[in-house]
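> just coords:
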């Protein structure tokens, strides 16, 4: 969200009033400058128009007025706003960085899915060191994805009903999360590496001792000096962090506390990546759950054992994702369906039809105490 008041050096009070008058937001007389500025808060951008008309031969007239269709935080109808008024704003930056088109989602036929799940169940039953890589897709039933349908990094993010969902609001781990816990307890999971910072793997009851959180955890912060990790019952706010500093200090040494979220162009936590790499390189079966496999070095983890091993039997790799990934050709099995449906089918094959009854009871006991 941003307010036009934050761009007072670029937009004069007179321009703000003119903007409000032209936007037809109010039928009543124009209010004071302060009230007008405060009222003009943009939630997100919906559309854009007025780009260069490449077909025009008249260079002076080929560029139309550049405008953005903006949604407002106060619920008023969206309005077209000239680009100069929102230049440099977070909303515009998000819009420019978003994907222009969403990758299409594909669903395998129900019979095909069942056959593929049977195959995966057999592989998992025979595997000695099965490793799982988790992406945003495993949390999709309760949280928005990034590159999926109406994902947060797409132009259609405003259509996502879960865009503002938070785990701290009481969201529960998904069926797929619970299936991983049940499968691990039965000896069918060797290691899990997750690219998600939503904490749902931990809240599901999956053992932290067999988990690599490659991109951090929004419910933890750690001391810069003594490395003590603090687990919170609230989301450590990213927008208030400066150089990852949260403004709190360590109870033990008074050192500065920092959030653990990994941003683009930042190195992954050394220990987490080292453990994940060691486990995946030695794995005989790797399974991708809901990841676009576009962010390295995590994306290549599931295929390192295949590339490394040249003798028989070679390790196998399975990708469970609704969209195509750059690594599909290297996978031995592709399943186009949701993580919930696939893991539920696998868990029923290996653990029985009633596997989720006990799992749900365990989650209820664990979620309340992060």
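Arrived safely. The model shown is predicted, which means the values in this text are computed figures rather than measured ones.

> give me the low-pLDDT residue ranges for the stretch 101-250 of the chain?
Applying pLDDT under 70 to the stretch 101-250 of the chain flags residues 101-103, 144-165, 167-168, 238-242.

> And the closest residue to residue 332 other than its chain neighbours, how close does it get to residue 192?
Of all residues beyond its chain neighbours, the one nearest residue 332 is residue 316 (4.6 Å), with distances taken as C-beta to C-beta, 6 or more residues apart in numbering. (Glycine included, C-beta is placed from N, CA and C.) For residue 316, the distance to residue 192 (C-beta to C-beta, to the nearest Å) stands at 17 Å.

> which stretches of the stretch 151-300 of the chain form strands?
In the stretch 151-300 of the chain, the segments counted as strands under DSSP state E, counting those that start in this stretch are 191-194, 211-213, 220-223, 229-231, 245-249, 256-259, 285-289.

> for those strands, which one ends up most surrounded?
Comparing those by mean neighbour count (mean count of other C-beta atoms under 10 Å), strand 285-289 ranks first with a mean of 27.

> tell me what the helix or strand that it is followed by is packed against?
Using DSSP states H and E, the helix or strand that follows strand 285-289 in sequence is helix 304-308. Contact partners of helix 304-308 among helices and strands, from 3 or more C-beta pairs under 8 Å, 6 or more residues apart in numbering; DSSP states H and E: helix 270-281.

> Ends of stretch 281-299, what's the gap?
13 Å (C-alpha to C-alpha, to the nearest Å).

> Pull out the buried positions in it.
282-293, 295, 298-299 (16 or more other C-beta atoms under 10 Å).

> For residue 269, state which of those residues is nearest.
residue 298 (11.7 Å; C-beta to C-beta).

> What's the separation between the closest one and residue 321?
Residue 298 sits 14 Å away from residue 321, going by C-beta to C-beta.

> Could you pull out the buried residues of the longest strand belonging to the chain?
Longest among the strand segments of the chain by residue count, using DSSP state E, is strand 41-49. By neighbour count on 16+ other C-beta under 10 Å, the buried set for strand 41-49 is 41-46, 48.

> how about CSV for these, with pLDDT and distance to residue 127 added?
Output for the buried residues of strand 41-49, formatted as CSV (pLDDT from 0 to 100; distance: C-beta to C-beta, whole Å):
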residue, pLDDT, distance to residue 127
41, 75, 53
42, 73, 50
43, 70, 47
44, 71, 44
45, 77, 46
46, 76, 47
48, 78, 49
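
> Can you name the two of the residues you listed that sit furthest apart?
41 and 48 (19.3 Å).

> Distance to residue 116 for the strands of the stretch 151-300 of the chain - can I get that in JSON lines?
Formatted as JSON lines, the strands of the stretch 151-300 of the chain follow (distance: least, C-beta to C-beta, whole Å):
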{"stretch": "strand 191-194", "distance to residue 116": "21"}
{"stretch": "strand 211-213", "distance to residue 116": "26"}
{"stretch": "strand 220-223", "distance to residue 116": "36"}
{"stretch": "strand 229-231", "distance to residue 116": "38"}
{"stretch": "strand 245-249", "distance to residue 116": "44"}
{"stretch": "strand 256-259", "distance to residue 116": "39"}
{"stretch": "strand 285-289", "distance to residue 116": "12"}
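
> Compare these and give me the one nearest residue 130.
Once the strands of the stretch 151-300 of the chain are compared by C-beta to C-beta, strand 285-289 is nearest, at 4.3 Å.

> so what's the residue nearest to residue 332 bridging to?
residue 285 (DSSP bridges).

> now, among the buried residues of strand 41-49, which is nearest to residue 215?
residue 44 (23.6 Å).

> right, and the closest one touches residue 91 too?
Yes - using C-beta atoms under 8 Å, residue 44 is in contact with residue 91, at 5.8 Å.

> shared neighbours of these two, anything?
residue 70 (C-beta atoms under 8 Å, 6 or more residues apart in numbering).

> so residue 322 sits right up against residue 106, yeah?
Yes - the criterion here is C-beta under 8 Å, and residue 322 meets it with residue 106 at 6.3 Å.

> any residues in contact with both of these two?
With C-beta under 8 Å, 6+ apart as the test, residue 322 and residue 106 both reach residue 336.

> So for those two, which residue has more residues nearby?
residue 322 (22 against 12; other C-beta atoms under 10 Å).

> Pull the contacting residues for that one.
Here residue 322 is in contact with 105-107, 137, 148, 290, 336-338 (C-beta under 8 Å, 6+ apart).

> Narrow those to those that are buried.
137, 148, 290, 336-338.

> Nearest to residue 230 among the buried residues of stretch 281-299?
Comparing the buried residues of stretch 281-299 against residue 230 with C-beta to C-beta places residue 298 closest, at 24.9 Å.

> Looking at the closest one now. What's its pLDDT?
Looking at residue 298, its pLDDT stands at 92.

> okay, the angle between the longest helix anywhere in the chain and strand 285-289?
Ranked by residue count under DSSP state H, the longest helix found in the chain is helix 110-126. Counting by axes from the mean of the first three to the mean of the last three C-alpha atoms, to 10 degrees, helix 110-126 lies at 140 degrees to strand 285-289.

> which neighbours does the next helix or strand after helix 110-126 have in its sheet, and in what orientation?
Per DSSP H and E, the first helix or strand lying C-terminal to helix 110-126 is strand 130-134. Take DSSP bridges as the rule and strand 130-134 pairs in its sheet with strand 191-194 (parallel), strand 285-289 (parallel).
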